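# give me coordinates for this.
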Amino acid sequence: MSTFLVEIVTPERKVYAETANMVSVTGVEGELGILPNHIPLVTPLRIAPVTIKREGNKVDIVAVNGGFIEVRKDKIVILAESAELATDINIERAEAAKQRAQQRLAANKRDEVDYRRAELALQRAMNRLTIMQK
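I've put the predicted structure just below:
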């Protein structure tokens, strides 16, 4: 079966670099499943898990918090605002972030900027917790 290189890069570091058979992401227009020899594509990503299927039925799940995916013939590059492997996530910290965001959402219904920031913080926390459950 054909494979391609998958790289997930943040402004701070390269989070992931492995050969894969398939990648599933959530773009702003919906779910995308990418197989080898996919047509070239660039699209923005939502805050959501990225599922990477490798040889030997291995599956890696990465919490990606926005950014872009660039699909080339033999390589996929995800440029993320931030990204975390399941092994790097502190579940207590993610739960605390979720609680703080929910409290801010309940308290700040008038200030649109704070409300939007709290919504994004909640989405990031839920993304981390989701990949920990998989």
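
# any idea how far residue 27 is from residue 38?
13 Å (Cβ to Cβ, to the nearest Å). For glycine as for every other residue, the C-beta is placed from the backbone atoms N, C-alpha and C.

# right, I mislabeled it, should have said residue 41
Distance of residue 41 to residue 27, given as Cβ to Cβ: 9 Å.

# isn't there a strand covering residue 118?
No: Residue 118 is assigned helix when assessed by DSSP: H, G, I helix; E, B strand; the rest coil, not a strand.

# what's the closest non-adjacent residue to it?
Closest residue in space to residue 118, ignoring its immediate chain neighbours: residue 104 at 3.8 Å, by Cβ to Cβ, 6 or more residues apart in numbering.

# the one you found: how many residues sit nearby?
17 (other Cβ atoms under 10 Å).

# which ones are touching it?
114, 115, 117, 118, 121 (Cβ atoms under 8 Å, 6 or more residues apart in numbering).

# circling back to that earlier point, need the overlap of contacts for residue 41 and residue 27.
residue 69.

# where does this structure dip in pLDDT?
Along the chain, segments meeting pLDDT under 70 span 1, 108-113, 132-134.

# can we see that at 90?
Scanning the chain for pLDDT under 90 picks out 1-2, 28-29, 56-57, 66, 73-74, 81-82, 84-134.
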